[in-house]
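[1] Dropping a prediction and its sequence here:
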Amino acid sequence: MKSIKMPFGLNSDGNLVHISEVVNGKKCDCICPSCKAPLTAAKGNIKQHHFKHAIDSGCESGLESSIHLAAKEIIKEKKTIKLPENVLVLEKKDSKGLPHHESTIIVEAGLLIKFDFVEEEKIIDGMIVDLLAKKQEKQLIIEIYFRHNVDDEKIQKIKNSNISAIELDLSNLSPEDLIDRNTFWNYINNPERAQWLYNSTHQDEYLKLQKNLDQKIEKKEQEYIKEREKEMKRLTRSIEEVKRIKEDSSLIINLDEFKNNFNLYSRNIPKFLNLNILPDLLNLSELPDFINLKVQDGDWIYGSEGCVWQLIVYSMLYPRVGEIMTIKFTDKWLKKILVSKVHNPVKNISILRERFPEIVSSNLPGDIPNTWKTLRTYFNYLCKLGMLSNMGHNCFFVEKNNSCKQGDFMKKI
């Protein structure tokens, strides 16, 4: 960015004038707004027009003083300013740690305020403010930031005075912004270059927002209570259903029932699963140990005897030699094939056990029923037989050894 040079000076009448309003050279008859030394007007054809000291006096604050004086003078003359947006936002977390918000726009961006009068260098509560603008009973402090912005101490004094205040940021001025007074005014009166230091209406608005936010969270907490009550009832029903299924074998699909109703169950088997071997397995007079393995909860958790779901699992593995089988995929299709009342209760218990551990532990001692856990135990057993290899992350590779070759395996059975 090009550096700017002094665009304003004081004429012989003590009035602030722009470089465009005076003649060239020493005949401008102007002095420095800061050190009061004579100035000369440099209005050549190449460099930006500006004032400079006729004799170098070592003055370092002339530029800053001229910008400050000009900004204040223009605002006093115009008696108006466009305000920056002022938004108040409150956030509070509920009992679950979820954030909730309430917000209100106190001042719309670009709101044009016309003042009754504007005072310069006003002393308020022991501090000097650049401008104090008034409209009826309302007041607004306007601070000009060119090289030094308002520090924390002054901001605190402004807050103590309970007078709204904004700061106009002129720190990025360029020569093009200072071509004439009107261009400079357009730069000053841009709400995007202003910020709020304090807004006296915040406290009242804050209390309103806080009340609304508390009401919103209270409503949410009541919803949580009702939701918790529903979940407790759902969990209790699920536990009772699981107990009933475990104790009543008539609710479990046994091997004979599965055989007799295979045409019905086969409707749930999509062709891509390729379970062509399953009918042959069902005709075996005796099942091998690896299709009748006793695993935890295996005799009920899929709504069937262990041998039934293990037959289906092996039928899924048989055509997939050299491929990866996952617990997720196998579990999904077991539940789709063996439509059972036990699936939802077990799922509910798995989901809600962390929220209500005391209910689950007191009603279901021991490990919590989980279909993945049961299936993983079975897959690990098949790994010991060399039929599968555990790849980690609930993935298993279907091995190509003799015990799992499609030609030899039926002989073993």
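    Cool, the structure landed. Numbers count the residues shown, from 1 in each chain.
[2] where in the stretch 201-350 of the chain is pLDDT low?
    Regions of the stretch 201-350 of the chain meeting the criterion pLDDT under 70 cover residues 341.
[3] and with 80 instead?
    245-251, 340-343, 345-350 (pLDDT under 80).
[4] what about the nearest residue to Asn380 once chain neighbours are set aside, which SS state?
    Once flanking residues are discounted, Asn380 sits nearest to Asn390: 6.7 Å by Cβ to Cβ, 6 or more residues apart in numbering. For every residue, glycine as well, the C-beta is placed using N, CA and C. Of the three states, Asn390 takes strand under DSSP: H, G, I helix; E, B strand; the rest coil.
[5] Let the chain start at 612 from now.
    Okay, using 612 as the starting number, the last item reads as Asn1001.
[6] Spit out the contact partners of Asn1001.
    Phe990, Asn991, Cys994, Phe1007 (Cβ atoms under 8 Å, 6 or more residues apart in numbering).
[7] same question, Leu723
    Going by Cβ under 8 Å, 6+ apart, Leu723 touches Thr691, Ile692, Lys693, Leu694.
[8] The same query, at a cut-off of 7 Å, please.
    Thr691, Lys693 (Cβ atoms under 7 Å, 6 or more residues apart in numbering).
[9] on that earlier part again, could I have the buried ones of the contacts of Asn1001 as PyMOL selection syntax?
    Per 16 or more other Cβ atoms under 10 Å, the buried members of these correspond to this PyMOL selection:
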select buried, resi 990+1007
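[10] Of the contacts of Asn1001, which pair is most distant in space?
    Asn991 and Phe1007 (8.8 Å; Cβ to Cβ).
[11] Which of the contacts of Asn1001 sits closest to Glu671?
    Phe1007 (78.9 Å).
[12] Let's have the contacts of Asn1001 in TSV, adding secondary structure, distance to Ala653 and pLDDT.
    Output for those, formatted as TSV (DSSP: H, G, I helix; E, B strand; the rest coil; distance: Cβ to Cβ, whole Å; pLDDT from 0 to 100):
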residue	secondary structure	distance to Ala653	pLDDT
Phe990	helix	89	96
Asn991	helix	90	95
Cys994	helix	90	93
Phe1007	strand	86	96
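[13] to the chain's geometric centre, what's the distance from stretch 717-736?
    Computed by Cα atoms, centre = their mean, to the nearest Å, the chain-centroid distance of stretch 717-736 equals 36 Å.
[14] What residues sit buried inside that stretch?
    Ile717, Val718, Phe726, Val729.
[15] State the number of residues packed around the spatially closest residue to Lys768 that is not a sequence neighbour.
    Spatially, and ignoring its direct neighbours in sequence, Lys768 is nearest to Met738 (4.7 Å; Cβ to Cβ, 6+ apart). The number of residues packed near Met738 is 15, by other Cβ atoms under 10 Å.
[16] For the stretch 812-961 of the chain, which segments count as strands?
    935-937 (DSSP state E, counting those that start in this stretch).
[17] Distance-wise, check Ser961 relative to Val924.
    Noted for Ser961: a distance of 20 Å to Val924, by Cβ to Cβ, to the nearest Å.
[18] Neighbour count for these two, which is higher?
    Val924 (21 against 17).
[19] The more buried one against Thr941, yeah?
    Yes - using Cβ atoms under 7 Å, Val924 is in contact with Thr941, at 6.1 Å.
[20] re earlier: between the buried residues of stretch 717-736, which sits nearest Ile615?
    Val729 (24.9 Å).
[21] still on that earlier bit, between the contacts of Asn1001, which is nearest Asn871?
    Phe990 (28.6 Å).
[22] residue contacts, the closest residue in space to the closest one that isn't next to it in sequence?
    Nearest non-adjacent residue to Phe990, counting by Cβ to Cβ, 6+ apart: Phe1007, 5.2 Å away. Taking Cβ under 7 Å, 6+ apart, we find Phe1007 in contact with Met936, Phe990, Leu999, Ser1000, Asn1001.
[23] As a check, name the ranges of all helices in the stretch 762-911 of the chain.
    For the stretch 762-911 of the chain, applying DSSP state H, counting those that start in this stretch gives helices covering 763-772, 792-799, 813-858, 866-871, 873-877, 889-893.
[24] nearest to Met617, of these?
    Nearest of the helices of the stretch 762-911 of the chain to Met617, taken as Cβ to Cβ: helix 792-799 at 13.1 Å.
[25] okay, the closest one in CSV with CA atoms only?
    Output in CSV follows, covering the C-alpha atoms of helix 792-799 (Å, rounded to 0.1, in the frame of the first residue of the first chain):
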residue,chain,number,x,y,z
ARG,A,792,-13.1,15.9,1.2
ASN,A,793,-16.0,14.0,-0.3
THR,A,794,-13.9,10.9,-1.0
PHE,A,795,-12.5,11.0,2.5
TRP,A,796,-16.1,11.3,3.9
ASN,A,797,-17.2,8.2,2.0
TYR,A,798,-14.3,6.3,3.5
ILE,A,799,-15.1,7.4,7.0
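[26] residues of it that come out buried?
    Neighbour-count burial for helix 792-799 [16+ other Cβ under 10 Å]: Arg792, Phe795, Trp796, Tyr798, Ile799.
[27] Redo the residues you listed as TSV? Include pLDDT.
    Listed next are the buried residues of helix 792-799 as TSV, based on pLDDT from 0 to 100:
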residue	pLDDT
Arg792	94
Phe795	96
Trp796	97
Tyr798	97
Ile799	96
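[28] Looking at those, which is nearest Asn865?
    Looking across the buried residues of helix 792-799 and measuring by Cβ to Cβ, the closest to Asn865 is Tyr798, at 87.3 Å.
[29] so what's the residue nearest to the closest one when sequence neighbours are not counted up against?
    Closest residue in space to Tyr798, ignoring its immediate chain neighbours: Asp788 at 4.5 Å, by Cβ to Cβ, 6+ apart. Listed by Cβ under 7 Å, 6+ apart, the contact set of Asp788 reads Thr794, Phe795, Tyr798.
[30] Great, nothing more from me.
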